[in-house]
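Student: Sequence and predicted model, in that order:
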Amino acid sequence: MRPSARKYAPWLWLLLGLFCLRVIGQIMVVFWSVQFLPPMKEWQSGLLPYPVLLVSQFLIIIIFCKVALDFTRQSGYFVLPSARFGHGLLIFGRIYLGGMIARYIIRMALYPDQRWFGGTIPIFFHWVLASFILLVGTYHRRQTSYKQPVAPRPRS
């Protein structure tokens, strides 16, 4: 029996929920200056201006919502088995996750005073996004590599 898309759905929603909490937390810090969350410098690496970052985060949320909905309903573009799509997601996801692990190691080496969690909010949430991508890629790989069990030959 092929693995059901529905069994992946709760994990996809969990990862998406974590990412949404990150975006909400960052919005609360930027627009409402809440004091119970880390300051803005902890939320953003500074590679993108915040307005560009926020728009890209909303685009990610919209796309990932569509993916998670397809998995929940077990229908739609993102659950149609595709070996090529799955392979591409797995390659991209592994490179992405590997890069973020390297980024964490480099950051810890450069800023030993901030071990283990200083400046790691962006890195951690890149791990969340990479995990989402790897999970979808794994589903597609399993769907397309599944082989029907061969019925045993009748004994003569």
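Tutor: Perfect, I can see it now.
Student: pLDDT weak spots in this protein?
Tutor: Scanning the chain for pLDDT under 70 picks out 1-3, 116, 146-156.
Student: Which parts of it are helices?
Tutor: Using DSSP state H, the helices of the chain run over 9-32, 40-43, 50-73, 83-110, 121-145.
Student: Relative to residue 31, how far out is the residue nearest the centre of the chain?
Tutor: For the chain, the residue nearest the mean C-alpha position is residue 129 (2.2 Å; CA atoms, centre = their mean). Distance, residue 129 to residue 31, using CB to CB, to the nearest Å: 23 Å. C-beta here means a position set from N, CA and C on the backbone, and glycine is covered the same way.
Student: contacting residues around residue 132?
Tutor: 12, 15-16, 19, 64, 67 (CB atoms under 8 Å, 6 or more residues apart in numbering).
Student: Could you point out which of these is nearest to residue 87?
Tutor: Nearest to residue 87 among the contacts of residue 132, counting by CB to CB, is residue 67 at 16.9 Å.
Student: Tell me the spacing between the closest one and residue 8.
Tutor: 10 Å.
Student: And the closest residue in space to residue 82 that isn't next to it in sequence, how far from residue 24?
Tutor: What sits nearest to residue 82 in space, not counting adjacent residues and going by CB to CB, 6 or more residues apart in numbering, is residue 140, at 5.6 Å. Using CB to CB, residue 140 is found at 30 Å from residue 24.
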